[in-house]
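**Student:** Using only what follows, build the 3D model:
(one chain, ligands or ions: 1)
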Amino acid sequence: MSRFLSERLQALAPYVPGEQPKVKNLIKLNTNESPFPPAPGVKEAVAEAATSLQLYNDLSAAKLTKLLSETYGVRENQITVSNGSDEILAFAFQAFGGHGLIFPDITYGFYSVWASLYGLDAKTVPLCDDFSIDVSAYQGNDRCVVIANPNAPTSLALPLESLRAIAQSNPDQVLIVDEAYVDFGGDSALALIPAFDNVLVVRTFSKSRSLAGARLGFAIGSPALIDDLNRVRFSFHPYNVNTLTQAAGAAALEQPDYFEACRGAIMETREWTKRQLETLGFTVLNSKANFLFASAPGMSGAAFQKALRERKILIRYFDLPRTKDYTRITIGDQAQMEAFIQAVKEILP
Ligand SMILES: *Cc1c(COP(=O)(O)O)cnc(C)c1O
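**Tutor:** Next comes the predicted model:
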């Protein structure tokens, strides 16, 4: 830390992403990426787009926005795109967090970082003992509510009715629903948007669309909410989604069959992996995401992670009092998960 750093930032504890090792031959089940390559046509679309890199990118992301509007059945003025969904979440915290925020104590670790970066008052609500979200705690309060649905790292999803109840009881606050994992079996709050002008849905291409490295996210909400987000964007970095990323995202949306096949395979492999782990005595939460949150029999999360690491398999461990027995295991392809289960059998005491 230099002596020049603003005082406000001196106490900031930045987000710690999962390890991105340079070593080859690792089975990487630690950052919830897709095991599958980008959709057919993405590579060609990016190469074609590269021929116009001397120009600034399209501020309106016209082609991408049009495809998103067709894919999700909303108007183009209900969508804005961003440099990963992390960016749009940061914009939304700035735009709507001024009255304070409320989110679960165990959730995406970035929420509390943005709150402190922007000097916003954040209240956390403990998850229930079974790691589910206590819906009533979010009803009728005067703060912007942030719910990851499915939640991370627990993998559990809330039904649409719970989100409706939260939105309905806080009509003067925004409900931000972070749907990074919704394509793996959860209910989307998109269904609430026609009736609720306070619901903002945030999505990413990083998980279910195999484009984590392209950095592409988007938000869907009422035109007024989208305007607010663009106000932040145009006060910070309007050219936030570069030409190559716009092309990659559009090409991915043009392959709905590939998308369906990938998410279907991940859900199927997830259920297979869950059954295997349960047979081996693990406690595994009922995942609607592309990862499992699981506790190994007779082993701490830290010990389990370390033993797998020695066998060149990476998973994620969160060193918090309530999660110390658990680890988060990204669902890879079937062959990777078979290798994972084989390693688990060798490790178990
Ligand atoms: C991965 C993830 C994000 C961020 O995704 P990017 O689009 O890659 O920035 C946001 N929220 C949750 C809950 C995530 O797990």
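
**Student:** Quick check, L253 in contact with T65.
**Tutor:** No: with contact defined as C-beta atoms under 8 Å, L253 does not count as touching T65 (10.4 Å). Quick note: C-beta positions are derived from backbone N, CA and C, even for glycine.

**Student:** backbone phi and psi for the residue most central in space within the chain, please?
**Tutor:** Per C-alpha atoms, centre = their mean, the C-alpha nearest to the average position across the chain is that of A180, at 3.2 Å. Taking degrees, to the nearest 10, you get phi -50, psi -30 for the backbone angles of A180.

**Student:** which residues does the residue lying closest to it once chain neighbours are set aside contact?
**Tutor:** Nearest non-adjacent residue to A180, counting by C-beta to C-beta, 6 or more residues apart in numbering: T204, 5.0 Å away. Residues near T204 by C-beta atoms under 8 Å, 6 or more residues apart in numbering: G84, S85, A180, L216, G217, F218.

**Student:** Just those: which are in helices?
**Tutor:** Among the contacts of T204, the residues falling in helices (DSSP state H) are G84, S85.

**Student:** could you dump the contacts of T204 to TSV with pLDDT and distance to the ligand?
**Tutor:** As requested, those are exported to TSV (pLDDT from 0 to 100; distance: C-beta to the nearest ligand atom, whole Å):
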residue	pLDDT	distance to the ligand
G84	98	3
S85	97	3
A180	98	4
L216	98	7
G217	98	4
F218	98	9
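
**Student:** Pull up the residues of the stretch 51-200 of the chain that are close to the ligand.
**Tutor:** Residues of the stretch 51-200 of the chain lying near the ligand by C-beta under 6 Å from any ligand atom: G84, S85, D86, Y108, A148, A152, D178, A180.

**Student:** if I look at the second one, how far off is M267?
**Tutor:** Meaning S85. 21 Å (C-beta to C-beta, to the nearest Å).

**Student:** So between those two, which is more surrounded?
**Tutor:** S85 (25 against 18; other C-beta atoms under 10 Å).

**Student:** Report the contact partners of the residue lying closest to that one once chain neighbours are set aside.
**Tutor:** Once flanking residues are discounted, S85 sits nearest to G217: 3.0 Å by C-beta to C-beta, 6+ apart. Residues in contact with G217 (C-beta under 8 Å, 6+ apart) are 81-89, 202-206.

**Student:** returning to that earlier point: which among the residues of the stretch 51-200 of the chain next to the ligand gets closest to E70?
**Tutor:** Nearest to E70 out of those is S85 (C-beta to C-beta; 20.0 Å).

**Student:** Who are the contact partners of that closest one?
**Tutor:** D178, A180, V202, R203, T204, S206, G217, F218, A219 are the contacts of S85 under C-beta under 8 Å, 6+ apart.

**Student:** switch the cut-off to 7 Å
**Tutor:** Neighbouring residues of S85 by C-beta atoms under 7 Å, 6 or more residues apart in numbering: A180, V202, R203, T204, G217.

**Student:** Just the pLDDT for R8.
**Tutor:** If you check R8, the pLDDT there is 86.

**Student:** Please apply the same query to E338.
**Tutor:** E338 is given a pLDDT of 98.

**Student:** Can you say which helix or strand has it in it?
**Tutor:** Assessed by DSSP states H and E, E338 sits inside helix 334-347.

**Student:** now the helices: where do they sit in the protein?
**Tutor:** Taking DSSP H, the helices of the chain run over residues 7-10, 42-50, 62-72, 84-96, 110-117, 160-169, 223-233, 243-253, 256-279, 301-310, 334-347.

**Student:** Just give me the lowest mean pLDDT stretch among the ones you listed.
**Tutor:** helix 7-10 (a mean of 89).

**Student:** for that one, packing partners?
**Tutor:** Packing partners of helix 7-10 (3 or more C-beta pairs under 7 Å, 6 or more residues apart in numbering; DSSP states H and E): none among the helices and strands.

**Student:** So what touches that helix?
**Tutor:** Contacts for helix 7-10 (C-beta under 7 Å, 6+ apart): M1, G119.

**Student:** For that helix, buried residues please.
**Tutor:** Across helix 7-10, burial judged by 16 or more other C-beta atoms under 10 Å covers no residue at all.

**Student:** Stretch 222-241 too?
**Tutor:** S222, L225, I226, D228, L229, N230, V232, R233, N240, V241.
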